[in-house]
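>>> fold the following for me, if possible:
(chains A and B)
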Amino acid sequence: MNKEIIYLDHAAATPMDLRVITAMEPYFRDDFYNPSSPYAPAVKVRRDYEEAKHLLASSIGAKPGEIIMTAGATESINLAFNEIGGHVIVANIEHHAVLNCAKLHDHTIVESDSRGFVSADVIKAAIRPDTKLVSVALANNELGTVQPLRDIAQVVRQEREARLMRGDKTPIYLHSDASQGVSQLDVNIARLGVDMLTLNSGKMYGPKQMGLLWAASHVRLNPLIVGGGQERGLRSGTENVAGTIGFARALELATTHRKFESERLAKLRDSLQTALTNAFTDAIVSGHPKHRLAGHLHISFPGLDGERLIFILENRGVLVSTGSACAANKGTRSHVLMAIGMTPEIADGSIRITLGHLSTPENTGLAGNIIIEELKKEYYRISK
Amino acid sequence: MNEKTKVYVGMSGGVDSSLSAALLIEQGYDVTGIYMKNWTADLPGMKCPWADDLADAKRVAVQLGIDFKVFDFENEYKHKVVDYMIEEYKNGRTPNPDIMCNQEVKFKLFLDASLADGADMIATGHYARVENDMLKMAVDVNKDQTYFLYRVTGEALAKTLFPIGEFVKPDVRKMALERGLSTAAKKDSQGICFVGQVGIRDFLSLYVDQKPGAIIDKKTGKTIGHHDGAIFYTLGQRHGLELGGGLPYYVIGKDMNKNEVYVTTDLNDGALWENTINLRDVNWINQAPENGTYQIRVRHRAKLVDATLESNEYGVVLRLDNPERAVAAGQSVVIYKGDICLGGGIIA
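I've put the predicted structure just below:
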């Protein structure tokens, strides 16, 4: 990566870890065989593939047979919603992949609080007798707020038990999109208490267009893509062996370094946040103050134009975002910021800074100085 | 000290308007960049890349350190340009939406909104020049865009700057590069923006029902094939007839009521050539010229040809020294005297 660039947008995309690339390399040329072919070299590829899925499964505390490889989180989310023939509940700060899937069903969109926190009580109040799916992201991609998934899981479990007690066989599942925060948060399925989990390789230093859906054995799924019957018939198409191997290695690395990395990022983030809020006393930091991804800093500068700040900082080699890349590209205000009740003026002055592997104390400190310098210039420019 | 003249420059995210903004700053104007948000068909596979263009425009404005605003003309654009275009097609004519956009949006709405917001003048990245409130062809005759500007009023031009009208396109790119503008190497936009990458035919078929009708050889009177709506065909058109084999066929007329398209293989057919052109909805930029000989252009970048102009109660009659390939009703003919664009009208 260009030395002069300071990348502060790890929530949008992550550079592949060199160890991930090394793990993938053999499968592009030497071990290119179709894992379904009968001869020995292909059988070896099949074995490696299954081993990678094993590794993925064990990294989240699941069985390999419960994992379906997909081409990214959006596909996983679509697959999770596909079988559902009833009512679904999602929060108003969910990613568009979840919101738009929900809109294909009878749905309730519940409100988060002003910190982007979705409480279990709000979910509980929205559950109806015909509710089949609750979907809440592990962490919000714009604010970094980490959701109380265990509490929500408790609510869903209580509802399931209540239905069983009265002989009602209507299932209810909890799905979580854990695209954000795998490098920083525990994603053990038993501890989260979810029935389905979406993971995204492209946000954890693995290859893009690679994801998975884990679904507990009691969950019924309906394929989006039919064909040769790969992935237990739930996702046909020749297996992406290299991608899966890379994904598995990326998740393994994330799990191993999680504790150290989240502490490291939290320290960097906190010092950057302090520097910015000291320099600009009316700056507003959003997201949950305690339950927030370690590398995440969503900050608003009332009166400034966030999009303009992106280009100003880009000229100095500092890459930040206004929110999710999709929302920014549509030139519209972030639905997340509107959902948490932010005024348009404050929302328009927002930027999202997300730290990660490329962040060091040196470049984060330098970025902080550049941001302060450029923002002061911008405040001066508009004051004229 | 005198206040600097405030200029609002329309920035589309392309190299021409980017350099226009840069040049105006260098010339000492107080410049504000404006992105005009026009209507786009937001349909699968039919995306006008406006969000990217807006980002490109804003990036350049930031580079230049100027204010930047978005003017939202979506509703007006839909009403004045898109609906007009569809209506004209429905009536069997072939309109030019770019001309309508300049007349109704850029040099009316944008001008008015800019003046109301405190601007003294507007500027755009058109290849054209203004001299004494008169519209003059651009120095780059290949790029000259006066054909699209003939319906703009002299009053509007009096408040308009065309900073790149004095330069040829290669120099515009070079100057943009020298100034480090991020759009210096951006490809020129193609076609009608709101239609995006798909053709006008696919766009229209969203608004009008496809109605099968006969394609008739005018000479023999025989039906030689079928089309899916006369609306999609335009005079002189050769391609897209899908008649297969033999000599190419040309459209020489259509009957919208009967939904019939008439064709011929005879390139010398009188319907394909025109000696006399009648214009309606004539616009003169400054004042109506006297009867006499002028130069005309029947399409953008077409060669200028001599014609005798005669005004009458319906509009203007143009008599050509040599017959010209016929142009469809609804298209514009623009009239010049030397390199001055006088105005023009729509083929009746």
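
>>> going by C-alpha atoms from here, please, whenever you check contacts or count neighbours.
Fine.

>>> show me the domain layout of chain A.
A:6-15+A:258-383, A:19-254 (automatic domain parsing).

>>> looking at those, which is nearest to B:Thr293?
domain A:6-15+A:258-383 (50.7 Å; C-alpha to C-alpha).

>>> could you give the mean pLDDT of the closest one?
Averaging pLDDT along domain A:6-15+A:258-383 gives 92.

>>> what is the end-to-end distance of it?
28 Å (C-alpha to C-alpha, to the nearest Å).

>>> same check, this time on stretch B:136-152
12 Å.

>>> what residues does it touch?
Contacts to stretch B:136-152, defined as C-alpha atoms under 8 Å, 6 or more residues apart in numbering or on different chains, come from residues B:98-100, B:102-103, B:107, B:126-130, B:135, B:165-169, B:283-285, B:297, B:299-301, B:334, B:339-344.

>>> re earlier: what's the closest of the domains of chain A to chain B?
For these, the distance to chain B is smallest for domain A:6-15+A:258-383, at 5.5 Å, taking C-alpha to the nearest C-alpha.

>>> B:Ser114 - nearest residue in space that isn't next to it in sequence?
Nearest non-adjacent residue to B:Ser114, counting by C-alpha to C-alpha, 6 or more residues apart in numbering or on different chains: B:Tyr8, 6.4 Å away.

>>> alpha carbons of whichever strand or helix holds that neighbour, as CSV, please.
Counting by DSSP states H and E, the element that carries B:Tyr8 is strand B:6-10. Extracted as CSV, the C-alpha positions of strand B:6-10 are listed here (Å, rounded to 0.1, in the frame of the first residue of the first chain):
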residue,chain,number,x,y,z
LYS,B,6,-19.8,36.3,-7.9
VAL,B,7,-20.0,33.5,-10.5
TYR,B,8,-21.9,30.3,-10.0
VAL,B,9,-20.4,27.6,-12.2
GLY,B,10,-22.3,24.5,-13.2
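
>>> name the nearest residue to A:Ala57, sequence neighbours excluded.
A:Pro64 (5.0 Å).

>>> can you tell me what sits against the strand holding B:Tyr8?
So strand B:6-10 is contacted by B:17, B:20-21, B:29-36, B:114, B:118-125 (C-alpha under 8 Å, 6+ apart).

>>> buried ones in the one helix or strand A:Ile370 maps to?
For A:Ile370, the host element (DSSP H and E) is helix A:361-383. For helix A:361-383, burial by neighbour count (16 or more other C-alpha atoms under 10 Å in any protein chain shown) applies to A:363-365, A:367-372, A:374-375, A:378.

>>> so what secondary structure elements neighbour it?
strand A:6-7, helix A:241-279, helix A:306-315 (3 or more C-alpha pairs under 8 Å, 6 or more residues apart in numbering or on different chains; DSSP states H and E).

>>> report the angle between it and helix A:241-279.
Here helix A:361-383 runs at an angle of 60 degrees relative to helix A:241-279 (axes from the mean of the first three to the mean of the last three C-alpha atoms, to 10 degrees).

>>> distance check, the closest residue in space to A:Ser112 that isn't next to it in sequence against A:Asp186.
Closest residue to A:Ser112 apart from its sequence neighbours, by C-alpha to C-alpha, 6+ apart: A:Val118 at 4.6 Å. Look at A:Val118 and A:Asp186: by C-alpha to C-alpha, they are 18 Å apart.

>>> ok, now B:Asp269?
79 Å.

>>> which one's more surrounded, those two?
A:Asp186 (17 against 14; other C-alpha atoms under 10 Å in any protein chain shown).

>>> take the contacts of strand B:6-10 and keep only those in strands.
When DSSP state E is applied, the contacts of strand B:6-10 are split such that B:30-36, B:121-123 fall in strands.
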